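Visitor: my questions concern the predicted model and sequence given below.
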2 protein chains.
Amino acid sequence: MGRLTFWFEFASTYSYPAAMRIDELGAAADVEIVWRPFLLGPIFKAQGWPDSPFNLYPAKGEYMWRDLARICDAQLLSFQRPDPFPQNSLLAARIATYGMEQGWGRAFSKAVYKAQFGAGKCIDDEGLLKGLVSDAGADPSEALQDAASQEVKDVLRQSTNEAQTLGIFGAPSFVTESGELFWGNDRLEQALRWAKGR
Amino acid sequence: MGRLTFWFEFASTYSYPAAMRIDELGAAADVEIVWRPFLLGPIFKAQGWPDSPFNLYPAKGEYMWRDLARICDAQLLSFQRPDPFPQNSLLAARIATYGMEQGWGRAFSKAVYKAQFGAGKCIDDEGLLKGLVSDAGADPSEALQDAASQEVKDVLRQSTNEAQTLGIFGAPSFVTESGELFWGNDRLEQALRWAKGR
């Protein structure tokens, strides 16, 4: 059985359709999927981007929203453009980091994507996130307290550093055990083929 | 029968695998393919990029070359990274613009991509281009003379303006008759489905 690491950032648009299908595709392909939240902000800043490239380059941004709407339509996913974009994903990423250790991280992460890009909600809203933690089967107050611990902050920071070391510059990214990097929702099937040795 | 316009720039890496398969895919899908050469340089400059984004952002560039090698391998296309990159594509684009009017533009354009990304050759070499024109069945001296005419220069400049007006910011791009824009070799199948009304 192969293994594929799914590197995702909550503010990343194309991570939404990837997150909503990766577990099923992985199961069908007999490939174990490892979910790793990280932050794109520091990586974008290192490339000289103070904002999302979709905001910095309007033609590219306009295209992305249309492309994403088409993809969601084909995948039967609801789609609503969140405002503002990109969202502040720090708190959600910390909760997901903690949740991955606790076993409810995937359900929570999918719910965050659905709230943000399926319903246009703001994912820096503590009340919203508490509700999603609760829906994922965990205690919201405890989760938010633990997510704010120095340990969880450090794990997330290390994940972001590790992503950068792996050559990751965008999300979603997929990395095989041999270090082969794939970028973009549209590379998911190819990444799965590589993960199982093609 | 639907119609899809294929906007390509010779210096664009991902236009190579698209150019090598679009005519067969179009024929299979009963979609007429219209080839339109244009120049990305002026569009990149308008976005504030003095160079290819693959050079400006090294992590992205390194990934692109690996990704392209994988795609060429899967498509059974030979691949060799040209040096320098990006190539000066102006003369080739003028010849292709003229060749499209004359009926040998597609064969010539595919040969340019093959020489550049399949064999690593420099496509600003007049001798090379003359050979490719000749292989495509036209008279090389006449073609190069006509390609240098003010009329051809103007047509290419207008094409680049038209591309920008359509919202094009990269290559390859595909545009349906209703103005639906698709960017990237990996969107070709989807673009063909839209061109035939899905």
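Guide: Yep, that arrived.

Visitor: the strands in chain A, which residues?
Guide: Secondary structure of chain A (DSSP state E): strands at A:2-8, A:31-37, A:173-176, A:181-183.

Visitor: tell me which residues in the first one are buried?
Guide: By neighbour count, with 16 or more other Cβ atoms under 10 Å in any protein chain shown as the criterion, the buried positions of strand A:2-8 are A:2, A:4-8. Every residue, glycine included, has its C-beta placed from N, CA and C.

Visitor: quick one, helices of chain A?
Guide: For chain A, the helices defined by DSSP state H cover A:15-19, A:22-29, A:41-46, A:53-56, A:58-74, A:90-102, A:105-113, A:126-135, A:140-147, A:150-165, A:188-195.

Visitor: picking up where we left off before, turn the strands of chain A into JSON lines, including mean pLDDT and distance to A:Pro86.
Guide: Below are those laid out as JSON lines (pLDDT from 0 to 100; distance: least, Cβ to Cβ, whole Å):
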{"stretch": "strand A:2-8", "mean pLDDT": "98", "distance to A:Pro86": "13"}
{"stretch": "strand A:31-37", "mean pLDDT": "98", "distance to A:Pro86": "15"}
{"stretch": "strand A:173-176", "mean pLDDT": "98", "distance to A:Pro86": "17"}
{"stretch": "strand A:181-183", "mean pLDDT": "98", "distance to A:Pro86": "17"}
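
Visitor: could I get these as CSV with distance to A:Arg198?
Guide: CSV is the format used below for these (distance: least, Cβ to Cβ, whole Å):
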stretch, distance to A:Arg198
strand A:2-8, 10
strand A:31-37, 12
strand A:173-176, 10
strand A:181-183, 13
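
Visitor: of the ones you listed, give the one that comes closest to chain B.
Guide: With Cβ to the nearest Cβ as the measure, strand A:181-183 is the member of the strands of chain A nearest chain B (6.0 Å).

Visitor: for that closest one, the distance to its chain's centre please.
Guide: Relative to its parent chain, strand A:181-183 has a centroid offset of 14 Å by Cα atoms, centre = their mean, to the nearest Å.

Visitor: and stretch A:39-57, how far apart are its ends?
Guide: Taking Cα to Cα, to the nearest Å, stretch A:39-57 runs 21 Å from one end to the other.

Visitor: so is it next to chain B?
Guide: Yes. Residues of stretch A:39-57 contacting chain B under Cβ under 8 Å from any Cβ of the partner chain: A:47, A:57.

Visitor: and the contacts of that stretch?
Guide: Outside stretch A:39-57, the residues within contact range by Cβ atoms under 8 Å, 6 or more residues apart in numbering or on different chains are A:9, A:11-13, A:60-61, A:64-65, A:85-86, A:89-90, A:93, A:156, A:160, A:163-164, A:168-171, B:47, B:57, B:59-60, B:169.

Visitor: now do the contacts for A:Gly99.
Guide: Taking Cβ under 8 Å, 6+ apart, we find A:Gly99 in contact with A:105, A:108-109, A:133, A:136, A:138, A:143.

Visitor: any low-confidence regions in chain A?
Guide: Regions of chain A meeting the criterion pLDDT under 70 are absent.

Visitor: spell out which parts of it neighbour chain B.
Guide: Contacts of chain A with chain B, taken as Cβ under 8 Å from any Cβ, map to A:47, A:57, A:59-60, A:62-63, A:66-67, A:70, A:74, A:167-170, A:181-184, A:186-187, A:190.

Visitor: can you tell me which of the residues you listed are buried?
Guide: Buried among these (16+ other Cβ under 10 Å): A:57, A:59-60, A:63, A:67, A:70, A:167-170, A:181-184, A:186-187, A:190.

Visitor: could you work out the end-to-end span of stretch A:97-114 for me?
Guide: First residue to last in stretch A:97-114 (Cα to Cα) measures 18 Å.

Visitor: buried set for it?
Guide: In terms of neighbour count (16+ other Cβ under 10 Å), stretch A:97-114 has its buried residues at A:97-100, A:104-114.

Visitor: looking at those, which is nearest B:Gly26?
Guide: A:Tyr113 (35.1 Å; Cβ to Cβ).

Visitor: in contact with that closest one, which residues?
Guide: Counted by Cβ under 8 Å, 6+ apart, A:Tyr113 has contacts A:10, A:15-16, A:19-20.

Visitor: over to A:Glu126?
Guide: A:91, A:144.

Visitor: okay, it and B:Asn161: tell me how far apart.
Guide: 49 Å (Cβ to Cβ, to the nearest Å).

Visitor: do the same with A:Arg193
Guide: Applying Cβ to Cβ, the value for A:Arg193 to B:Asn161 is 41 Å.

Visitor: next: A:Leu132.
Guide: Distance from A:Leu132 to B:Asn161, counting by Cβ to Cβ: 47 Å.

Visitor: of the two, who's got more company?
Guide: A:Leu132 (26 against 13; other Cβ atoms under 10 Å in any protein chain shown).

Visitor: hang on, that one packs against A:Gln116?
Guide: No. Between A:Leu132 and A:Gln116 no contact is recorded; they are 10.4 Å apart, counting by Cβ atoms under 8 Å.

Visitor: next, the distance between the ends of stretch A:136-143.
Guide: End-to-end distance of stretch A:136-143 (Cα to Cα): 11 Å.
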